[in-house]
Structure formats: C-alpha cells, structure tokens
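[1] build me a structure from this.
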Amino acid sequence: MSRARTRTTLAAAAAALVCTAGVFAATAADAAGTATGTSIVPPPGAPTAYGYTALIRHGSAADDHQGQLVLRAPDGRFSTIGAVPDFVGVEDVSTNARTVVIADNSGAPGSLALSIWDTESRKPTTLKVASGAQARLVKDGIVVSRYGKSAQLYSRAGTLLRTYTATTGSTLSASADGTRIMGEDSSRRVVVLDVATGAMLRAVPVPSGMAGCQPSYHFDSSSFTMDCYKRVDVAPQTVSAYRTGYTAAVATTRLMSFDGGGNVRKVDGGMLIFDKGAGSPCPEPYVLDIAGVGLPLKFGDYSWATAGAYGRVVDLGSFSGCGDVTGALVRRDIASGAETRIAGRGTAIGGFVTAAKTVDGT
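    Next comes the predicted model:
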C-alpha cells in the first residue's frame, strides 16, 4: 500500500490572498484568471505561500506531448513555467512556491526521474534515483524514499548529502517546516528523523490490533497523521487513520471511528478531509464533519482526487485515473458546497489538467 503520488495542495501568499479573517473565499478571479509575463513567484523571504498551485496542463489528453508546468497564484494569475513530458506528476511544492518537484515514472523500471524546477528562473535540475519511490522537499534539500532501501537527502542541485539508515519503506512525509521527515522502518513502524542530523526523534509504536503503519500528512506543529493496516498479506489494504506526535509527548489517537479512511488533512471548523478507501486503487475524497460523519465531496465519482485543503476550501482534480476523468481542477467551499472551476476547459488556464498540488501546510 502506498499513497497516491498526486497530492495537490492549496495555499495563499499574504500579498495575493483573497480571504476573510484568514479563511479562503472563492471569487470570480478564480475562474477568470490572468496569464502574466511578470513573475508571480513570492520573494525568497515571503511567508508560506498558501494557495499557490503547481499543475500539469495538457492540450487535450495526458499523452498528447503538450504537457506544461503551470504555477497559479491564489488571486487567479498564472504563469507557464516550462514544458514537461507525458505522464508526470507534481510530487511536491515548496512552502514558498519557489520550487516544484516533478516525478516521471515512465522510464527504466526501478528508477525515479525527478525534475526540480526553480519557478523564478523557470529552469529545472534533473535527478535520477535508483529504486526511488517518493520525494519530499525539506529545509535546504529534497528527501527521496527508496523501495526496500534507506531514504536519501539531496541538495536542490542534485548532490547526495545524507542517507537515513533508519528508514526502509517507500512512503515518506515531512513536517511543514521541513526539519523532520517521517518514514517506515523494517518493523513497519513510522519513524521521525531530524533532517539535518539523521537522528531518530521517535519510533511510533504500532497501535494495538494493527500490523503496521505509514506516514501521511503534517497535522499541526506537534503532530502528524498516519495510516495503519491490520494485515500485510492482502491488497488493497483497509486502513485506519491516526494522529500522533513528532515526540512521545503527543499520544497516538484514532481520528475516525470507522475503518477505510486515510490520507487525513485538517481544515477549519474542526473538520477533516480524507480519502475513503485509502490504500485502494480508486479512493474517494470525503469530509468528516464536526459530528464525526463522513460525507462525499464528489458523490460516487471516483475520478476526483484531493489536490490540497486549507482554511475552509478544498481543491479537487478530476485526474485520478478512475471513472470519467475530465481534466478539471475545482475549488470547493466546504461549508456551502459551492464550487469554482479554476483550471481545465472553460477557464483562463484551459487545457486538460493531469496533476496538481497546492501549498496547504502539509
């Protein structure tokens, strides 16, 4: 079991955010948008660029050889960063939206090809990692997990800096400040490591009744989420979502009373965004309300995947590979249910979106 590679996230730079009391609100600019030749990239010292979205736009289909990396600001402005191959995903976006990592799995088996894009200069650095699985941007670098091998830290120029011997699993996550990574060890525990030193900060005990766990998302300054499973000999897995601490000071607790929900993100109002059927080929995005009831965000439509969630909104893309894929990217107000299409056909960005990730603090 591993999480879907296309995790899209929403974020907003302070200078361009449309909000009320820190909460996102969809506007006409979301749908209209404006292409710009001037830079929309936040300056290096800017705060977290919540609401910025990196997406892959094609002309009409995922294999039309017309792929482009596009950066969209929360006020609707957007800029084309550069051409990309078919069948690539947005692996990660830095918290200041100045770096985007694109992953290409179409090459030689057992090799992960990464393009590390500088969104200001619009130039990529390429990195190929043997047995590579997932990549996450961290403070001053990028960590790559490897199938059956230890994760490795590279500089953003592609230089190998460190090997994290405590990790052996393929699933990887990182804290929002980029100082800690979460991986798996040989005992199927989630381990928390210091990025700079490689020191193990915590090995999280597997909850009672579970066979193992995998890290999911940053939750808050002291904790993150993980998905645990009861058996290792079946696929797909049925997972249960937990919250646990970067240190043992935060106890491990179940996030939902039912099984089958994972990949949990926190949003405003005490609600959670999660995938029903996490661990299966076609999970369905859901919201867990304050009463603990799970409600579908796109009822019965398995083509949609969560690109990011922050404040009171969630970005959803119809590019999961399941169902009737339309290549649309929408922003949904969780409280009202109102949706605005922000990329794909009928928008200023146009085209057919095949992957996206928004800066949302996870």
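
[2] pull out the buried positions in stretch 134-153.
    For stretch 134-153, burial by neighbour count (16 or more other CB atoms under 10 Å) applies to 134-138, 141-146, 149-153. For glycine as for every other residue, the C-beta is placed from the backbone atoms N, C-alpha and C.

[3] quick one: terminal-to-terminal distance for it?
    12 Å (CA to CA, to the nearest Å).

[4] ok so residue 198 is a strand residue?
    No - counting by DSSP: H, G, I helix; E, B strand; the rest coil, residue 198 is located in no strand; its state is coil.

[5] look up how far residue 247 lies from it.
    Look at residue 198 and residue 247: by CB to CB, to the nearest Å, they are 17 Å apart.

[6] can you name the two of the buried residues of stretch 134-153 that are farthest apart?
    137 and 149 (20.2 Å; CB to CB).

[7] ok, and the helix or strand in the protein with the lowest average confidence?
    Of all helical and strand segments in the chain, the minimum by mean pLDDT, DSSP states H and E falls on strand 19-20, at a mean of 28.

[8] count of residues packed around residue 46?
    By other CB atoms under 10 Å, 15 other residues sit near residue 46.

[9] quick check: closest non-adjacent residue to it.
    Of all residues not flanking residue 46 in the chain, residue 96 sits nearest, at 5.6 Å (CB to CB, 6 or more residues apart in numbering).

[10] OK, contacts around the one you found?
    Counting by CB atoms under 8 Å, 6 or more residues apart in numbering, residue 96 makes contact with 42, 44, 46-49.

[11] 6 Å - rerun?
    Residue 96 makes contact with 42, 46, 49, according to CB atoms under 6 Å, 6 or more residues apart in numbering.

[12] mind checking the SS state of it?
    Under three-state DSSP, residue 96 comes out as coil.

[13] quick one: residue 269 is in a strand?
    No - read with three-state DSSP, residue 269 is helix and lies in no strand.

[14] need the contact partners of whichever strand or helix holds residue 101.
    According to DSSP states H and E, residue 101 maps onto strand 99-104. With contact meaning CB under 6 Å, 6+ apart, strand 99-104 is reached by 54, 84-85, 88-89, 91-93, 113-117, 119, 135.

[15] show the buried residues in those residues.
    Counted by 16+ other CB under 10 Å, those give 54, 84, 88-89, 91-93, 113-117, 119, 135 as buried.

[16] flag the shaky bits of the stretch 201-350 of the chain, pLDDT-wise.
    With pLDDT under 70 as the threshold, the stretch 201-350 of the chain has low-confidence stretches at 234-236.

[17] what about 80?
    233-237, 279 (pLDDT under 80).

[18] can you show me the strands along it?
    Ranges of strands in the stretch 201-350 of the chain, per DSSP state E, counting those that start in this stretch, are 212-220, 223-229, 239-245, 253-254, 261-266, 272-276, 284-288, 294-296, 304-310, 313-318, 329-333, 339-343.

[19] pairing partners for the third one, with directions?
    Using DSSP bridges, the neighbouring strands of strand 239-245 in the sheet come out as strand 223-229 (antiparallel), strand 253-254 (antiparallel).

[20] from those, which stretch is densest packed?
    Mean neighbour count, computed with mean count of other CB atoms under 10 Å, is highest for strand 223-229 among these, reaching a mean of 26.

[21] between that one and strand 272-276, how big is the angle?
    20 degrees (axes from the mean of the first three to the mean of the last three CA atoms, to 10 degrees).

[22] tell me what angle strand 223-229 forms with strand 200-204.
    40 degrees.

[23] now tell me what touches strand 223-229 from outside.
    190, 207, 210-211, 213-219, 237, 239-243, 245, 250, 262, 264, 278.

[24] of those residues, select the buried ones using a PyMOL command.
    Paste this into PyMOL to select the buried members of the contacts of strand 223-229, with burial taken from 16+ other CB under 10 Å:
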select buried, resi 190+207+210+213+214+215+216+217+218+219+237+239+240+241+242+243+245+250+262+264+278
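
[25] quick one on the thing from earlier: out of the contacts of strand 99-104, who's nearest residue 175?
    Looking across these and measuring by CB to CB, the closest to residue 175 is residue 92, at 13.1 Å.

[26] can you pull the contacts of that closest one?
    Residue 92 touches 101, 136-137, counting by CB under 6 Å, 6+ apart.

[27] work out for me the element it sits within.
    strand 88-93.

[28] CA atoms of that strand as CSV?
    Output in CSV follows, covering the C-alpha atoms of strand 88-93 (Å, rounded to 0.1, in the frame of the first residue of the first chain):
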residue,chain,number,x,y,z
VAL,A,88,4.4,13.1,-14.9
GLY,A,89,3.1,14.1,-11.5
VAL,A,90,3.5,17.0,-9.2
GLU,A,91,5.5,15.4,-6.4
ASP,A,92,5.9,18.4,-4.1
VAL,A,93,5.8,22.2,-3.9
